[in-house]
Structures are given as C-alpha cells and as structure tokens.
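> need a 3D model of the sequence below.
(one chain, ligands or ions: 1)
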Amino acid sequence: MARQHGYRARSSFKLLHLLNKYPLLNLPSKSLSPANQTVVIECGSAPGGWSQVLSHVLYSQQQTTRTSPETLSKPLDQKLPDSLEKILSAPFDYNRVISVDILEMVPVEGVDFICGDFTNPIIKQEITQKIGSRKVGLILSDMAPNLSGNRLVDDSKSTASIYHSLELCLDVLRFAENYLDKDGSLVLKYFMGQNHTELRNLLRKRFAKVHSEKPPSSRKESSEQYFVATGYLANK
Ligand SMILES: C[S@@+](CC[C@H](N)C(=O)[O-])C[C@H]1O[C@@H](n2cnc3c(N)ncnc32)[C@H](O)[C@@H]1O
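The predicted structure is shown next:
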C-alpha cells in the first residue's frame, strides 16, 4: 500500500494523518531569509517514510521548477489542509529538514540526514551545528527501540521497552526545551504504559495544548501512540 503511493513505509500515513489534523508545518518563515528560516528536526527517520512526507509538503511547489523533476517522489494523494498550502509559497530553502537515525537511510531530497544515536551528545552537537542561526519550529520523534533479539525485551508492551521508549521521549523533550522556538510543536511517539500520564503532565506544563493520537494506520495491536504538543511556552 505505502509503495503504491511512492512511500518507503506505511508510517508515512501516520504523519499525513497528524499533518492533516494539526497545523504543525505552518511555520513562520515566509518573510525570512533562508539563513533565518524555521527548520524541522526529525528523530528516528529510517527508512524515510516521514522524511518523504516532509520533503513533499515543504518542497513540492519549489521542486516543480527544479531541473530534475524525475527524481521527485509521486505527488501526495491526499489534499493538504489550507494551513499547509501557505508554506508552499515560502522562500526556497532546501535544507529545512534535519533527520537523525542510528540506522543508515537512503537519501531523501531536501533532507539533511545524520546517521547516529540521537541521545549521544556528539550527535546533538552535529544537529545544532546544522541548525545554525535558524529557528526550530517543529520536532518530531518516531523513535522506537530497535529489536535486541530478546523477545521479552522486544515486546513493545514489556516494561523494558516502555522504559526505553520513555527515556527516548524525555531526551527529545530536553532537546526541545533548549531549541524549540516559542509556539513551536512537538510530536512524540510513546508506548502506552504506566508512565505515559507523567509524560503527558510534563508536556502540559510546557505546551499550550497536548493531544494524544492513535493514527488509523497504526496497527491496533500496537501500543504506540503519539503526543502532539502545540504552542511551546518557552519560559526558559
Ligand atoms: C518506527 S522507526 C521510524 C520510521 C520512520 N518514521 C519512517 O517513517 O520511516 C523507528 C526508528 O527509530 C530509530 N531509533 C531508535 N532509537 C534511536 C536513537 N537513539 N537515535 C536515533 N534513532 C533511533 C530506529 O533506528 C528506527 O529506524
């Protein structure tokens, strides 16, 4: 199904669902020069399904004027909300998405990929160097612990898995506290478990609105959910 639509992973549909529901990419960049534009950070990007969606949404209009249109992925089959249409006319900056994953990823047009562990300070430094003077308007994390081969640990409902996932979420939240621009948004994948209410409470203290989402394309048997937090309060 995902491949029929030109996407590498079915996870693309999860992000499309979130983008259609929330104005996450309504980035305040129209009047800014590329050096000062708002960027998107994506944590846990391989194999690249979300990167493809971000690339489509952020660059599709600009790409039609580029010389190699054959390199583009297929156009989105879903209508974009009006809030997303606005950003398509933003000044051209071809490096607005910075994506990170432990695993290698086949390049996606317009996505600046870093291969490494997001929790590693050296990788964070690499990210912040790429951000430069630009603002961060959106941070997305679809990170999930990679399989260890131990069934007890790999079960997404196991305590070890939930704990590891929570650690990843807290690490992204700490990063967001340092780099997310005021009014920016954060999307965090988490696994339903005993700690998700504490995580929601932490988010509520820092964002104007916090929603919990289970996109229709997420398998029912999976305990994965997404927090969509908008309106970062930035009271640092
Ligand atoms: C569900 S997949 C992401 C799918 C991706 N959003 C897509 O649409 O193709 C989760 C990813 O998180 C990555 N990951 C897990 N822990 C990570 C970490 N500490 N740093 C960076 N990436 C990590 C895994 O390597 C895996 O590729």
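> roughly how far does the closest residue in space to residue 181 that isn't next to it in sequence sit from the ligand?
Spatially, and ignoring its direct neighbours in sequence, residue 181 is nearest to residue 135 (4.1 Å; Cβ to Cβ, 6 or more residues apart in numbering). Every C-beta, even on glycine, is put in place using the N, C-alpha and C of the backbone. Plainly put, residue 135 is 23 Å away from the ligand if you go by Cβ to the nearest ligand atom, to the nearest Å.
> per-residue confidence at residue 135?
Note on residue 135: pLDDT of 89.
> wait, it sits on residue 38?
Yes - the criterion here is Cβ atoms under 8 Å, and residue 135 meets it with residue 38 at 4.8 Å.
> among the two, which residue is more densely surrounded?
More neighbours sit around residue 38 than around the other of residue 135 and residue 38, counting by other Cβ atoms under 10 Å; the figures are 22 against 18.
> neighbours around the closest residue to the more buried one other than its chain neighbours, how many?
The shortest distance from residue 38 to any non-neighbouring residue, by Cβ to Cβ, 6+ apart, is to residue 137 (3.7 Å). Neighbour count for residue 137, taken as other Cβ under 10 Å: 25.
> doesn't residue 137 fall inside a helix?
No - counting by DSSP: H, G, I helix; E, B strand; the rest coil, residue 137 is not part of a helix but strand.
> related to what we said a few turns ago, shared neighbours of residue 135 and residue 38, anything?
Where contact means Cβ atoms under 8 Å, 6 or more residues apart in numbering, the residues bridging residue 135 and residue 38 through contact with each are residue 181.
> center of the protein - which residue?
For the chain, the residue nearest the mean C-alpha position is residue 140 (2.6 Å; Cα atoms, centre = their mean).
> gap between the strand ranked longest in the chain and the chain center?
Here the longest strand in the chain is taken by residue count, with DSSP state E as the criterion, and it is strand 180-191. Put simply, strand 180-191 sits 9 Å off its chain's centre (Cα atoms, centre = their mean, to the nearest Å).
> buried set for that strand?
Using 16 or more other Cβ atoms under 10 Å as the burial criterion, the residues of strand 180-191 that qualify are 180, 181, 184, 185, 186, 187, 188, 189, 190, 191.
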